[in-house]
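Asks: When you get a sec, could you give me coordinates for this:
(one chain, ligands or ions: 1)
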Amino acid sequence: MSADNELRADISSVEGSTFKWSIDNEEDQVELNDIICVVPKESGHRVLFLKHENTNGDISTQLKYVDISSIPPSLTPFWTDIPAYLQGPEPIQVVISTRSGTGAARTIFTTLVKPFLEDLNLNYSIYETKSAQTITELSQSNFLPYASTSTNSTPQTILLLSGDGGLVDILDVFYRNEKKINVEPNIALIPCGTGNAMASSIGLRSGPASGLKTLLRGRSRKLPTFTVKLSAGSQLVVNEGNDRVPINADAEADTNANANADETTHTMYGAVVASWGLHAALVADSDTTKYREFGSERFQMAAKELLHPSDGSDSHRFRGKITFIPVSGSSTTATATATSIGVGNIRRIPEEEHMYVLTTMVPRLEKDFVISPSSEVLSGDLRLLRFGPLSPDDAMRLMTLAYQGGGHVKEKGVLYEEVQMVRIEFDEEEERWRRVCVDGKIVAVEKGGWMEIRKGGSVLNIVS
Ligand SMILES: Nc1ncnc2c1ncn2[C@@H]1O[C@H](COP(=O)(O)OP(=O)(O)OP(=O)(O)O)[C@@H](O)[C@H]1O
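Replies: Now for the predicted structure:
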């Protein structure tokens with residue numbers, strides 16, 4: 001292709017932290033930090049890098065490449081082969097979630113991901129979300145049938161341009177499926193959401209570019225999950241809090257799925273977080289078009305409103321009974337706050353008013369928000385974090401410590417423990433205080449209802 005020839009450098013070198021080259025006496029350069037990779041290309045090498053343009057103060061970033069004949073020694077750390085999971089025979093399944101985060105996924109695809117796939121000559125198919133159900137439908141129509149019928153041992157690679165929501169939609173379909181899965185797909189993430197908890201936790205903290213690097217250099221690992229059981233009247237909260245729908249879009253399937261065990265429960269699956277109290281309320285309150293414009297700021301804005309209600313009232317004291325089963329031998333920071341109730345290894349938290357109750361499998365809920373510093377990503381460990389009603393200043397202080405690396409878990413009054421199971425029995429009159437969050441989805445549990453979280457299995461692989 002002539003474009004290739006045009007982009008082949010006559011000379012190239014690295015000076016300090018800058019890679020420089022010239023083509024037809026025109027010089028160009030890029031900082032080593034902006035190099036994504038160097039891959040083999042015909043008789044030489046192809047360097048893919050980020051080019052930042054400043055147009056009247058607006059910085060835009062594009063993925064570009066230059067071909068070189070020989071590789072300067074300082075570029076060898078960037079050299080990589082293209083991994084087998086990107087080379088087919090199935091095209092890479094690219095999913096663009098158009099409403100994730102601030103709505104940038106389409107632009108990220110056009111400026112970074114598409115050039116990346118094309119410059120590396122990779123085959124791909126593109127799907128754009130048209131509704132909140134698109135990823136679920138796509139998983140049912142494409143990803144699950146491939147995984148359960150393919151006789152090819154090469155898994156499908158699904159490249160998700162979304163936040164945590166896209167991942168949990170696929171997870172849910174794979175869990176509810178009753179067919180045998182022959183080959184579990186590999187999910188690779190390009191963080192485009194608000195929190196991007198999973199992406200941040202597996203190390204993709206410098207945005208989409210880190211997703212591209214991991215796509216090339218990562219390895220496929222099992223994605224551990226947890227299971228959430230909810231009492232009979234629980235419903236999903238959708239459409240900015242205005243509507244309630246069954247937890248499983250196919251309500252009949254939900255009943256059948258539980259028929260052998262307990263007809264009166266609903267089941268959800270997650271890989272990131274299940275919470276109640278301040279965290280669930282702020283995720284729920286901030287999931288509106290207006291709040292979404294603010295990116296991850298929306299979480300802090302909603303937290304401030306919950307801690308300092310605009311009607312001048314005190315922040316809410318969430319009422320309910322919490323029991324949990326610790327992992328034997330787990331070192332707790334505050335076991336003294338929980339008492340054994342003498343049944344098996346079940347412990348009960350004596351306080352029945354709470355502010356923050358969260359179980360998680362990942363260390364980070366946002367790039368810099370280290371909610372569970374002891375969580376080793378993809379280990380499958382489940383941890384409970386809980387503290388009771390605090391003044392707004394004290395609560396903000398704990399949250400600030402979480403943003404500073406996770407020191408909040410060592411503070412007095414914070415229960416932080418590795419667990420096998422957590423059960424919450426809600427004792428709240430108003431529905432808004434019975435909202436729980438499962439990987440970003442919001443569920444309203446009915447009055448007198450309950451939620452139970454347990455470690456689960458694995459049905460997907462993640463490239464990390
Ligand atoms: N075209 C669309 N129309 C309506 N809803 C959409 C559309 N595309 C995506 N969605 C929904 O938008 C939400 C995006 O969630 P996602 O987790 O990807 O981003 P986020 O909530 O900003 O990030 P995070 O979960 O990491 O904080 C999902 O509920 C998804 O189903």
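
Asks: burial count for residue 114?
Replies: By the criterion of other Cβ atoms under 10 Å, residue 114 has 15 neighbours. For every residue, glycine as well, the C-beta is placed using N, CA and C.

Asks: Look up phi and psi at it.
Replies: Main-chain torsions, residue 114, degrees, to the nearest 10: phi -60, psi -50.

Asks: Check it and give its pLDDT.
Replies: pLDDT, residue 114: 97.

Asks: Show me the helices in the stretch 101-250 of the chain, by range?
Replies: 105-108, 114-119, 134-138, 144-149, 164-176, 197-201, 208-217 (DSSP state H, counting those that start in this stretch).

Asks: Using a markdown table, lay out the ones you listed together with distance to residue 127.
Replies: Below are those laid out as a markdown table (distance: least, Cβ to Cβ, whole Å):
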| stretch | distance to residue 127 |
| --- | --- |
| helix 105-108 | 12 |
| helix 114-119 | 14 |
| helix 134-138 | 6 |
| helix 144-149 | 13 |
| helix 164-176 | 11 |
| helix 197-201 | 19 |
| helix 208-217 | 17 |
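
Asks: So which of the ones you listed is nearest residue 239?
Replies: helix 164-176 (14.7 Å; Cβ to Cβ).

Asks: What lies in contact with the closest one?
Replies: Under the contact criterion Cβ atoms under 8 Å, 6 or more residues apart in numbering, helix 164-176 has outside partners 95, 97, 100, 135-136, 139-140, 143-144, 147, 158, 160, 181, 184-185, 187, 189, 193, 195-199, 223, 225, 248, 253, 257, 268-272, 438-441, 456, 459-460.

Asks: Quick check: which of those residues are also close to the ligand?
Replies: 97, 100, 193, 195-196, 440 (Cβ under 6 Å from any ligand atom).

Asks: Tell me which two in these are the farthest apart.
Replies: Most distant of these, by Cβ to Cβ, are 97 and 195, 13.5 Å apart.

Asks: Closest one of the ones next to the ligand among the contacts of helix 164-176 to residue 49?
Replies: residue 196 (23.1 Å).

Asks: Quick check: nearest residue in space to that closest one, chain neighbours excluded?
Replies: Computed as Cβ to Cβ, 6 or more residues apart in numbering, the closest residue to residue 196 that is not its neighbour in sequence is residue 163, at 5.5 Å.

Asks: Now do the strands in the stretch 301-450 of the chain.
Replies: Ranges of strands in the stretch 301-450 of the chain, per DSSP state E, counting those that start in this stretch, are 318-326, 339-340, 347-348, 353-354, 356-360, 364-366, 369-370, 382-387, 415-426, 435-438, 441-444, 450-455.

Asks: could those strands be laid out in CSV, adding mean neighbour count and mean pLDDT?
Replies: Formatted as CSV, these follow (neighbours: other Cβ atoms under 10 Å; pLDDT from 0 to 100):
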stretch, mean neighbour count, mean pLDDT
strand 318-326, 20, 97
strand 339-340, 12, 68
strand 347-348, 20, 95
strand 353-354, 17, 98
strand 356-360, 25, 98
strand 364-366, 25, 96
strand 369-370, 21, 96
strand 382-387, 25, 98
strand 415-426, 21, 97
strand 435-438, 25, 98
strand 441-444, 22, 97
strand 450-455, 21, 97
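
Asks: who wins for proximity to residue 39 among these?
Replies: strand 364-366 (29.8 Å).

Asks: Tell me the residues of the stretch 151-300 of the chain that contact the ligand?
Replies: Within the stretch 151-300 of the chain, the positions lying close to the ligand (Cβ under 6 Å from any ligand atom) are 162-166, 193-196.

Asks: how is this protein carved up into domains?
Replies: Domain assignment for the chain by automatic domain parsing gives 3-78, 84-218, 226-457.

Asks: Please identify the deepest-packed of those domains.
Replies: Comparing those on average neighbours per residue, with mean count of other Cβ atoms under 10 Å, the densest one is domain 84-218 at a mean of 20.

Asks: May I have the residues that are in contact with residue 221?
Replies: Going by Cβ under 8 Å, 6+ apart, residue 221 touches 378, 461-464.

Asks: Report the beta-bridge partners for it.
Replies: Applying DSSP bridges to residue 221 gives these bridge partners: residue 462.

Asks: do you know how far it is from residue 214?
Replies: 11 Å (Cβ to Cβ, to the nearest Å).

Asks: backbone phi and psi for residue 74, please?
Replies: phi -70, psi -10.

Asks: And it, how far from residue 44?
Replies: Counting by Cβ to Cβ, the gap from residue 74 to residue 44 is 17 Å.

Asks: same question, residue 294
Replies: 45 Å.

Asks: just residue 402 next, same as before
Replies: Residue 402 sits 47 Å away from residue 44, going by Cβ to Cβ.

Asks: Check residue 284 too.
Replies: When residue 284 is compared with residue 44 (using Cβ to Cβ), they lie 53 Å apart.
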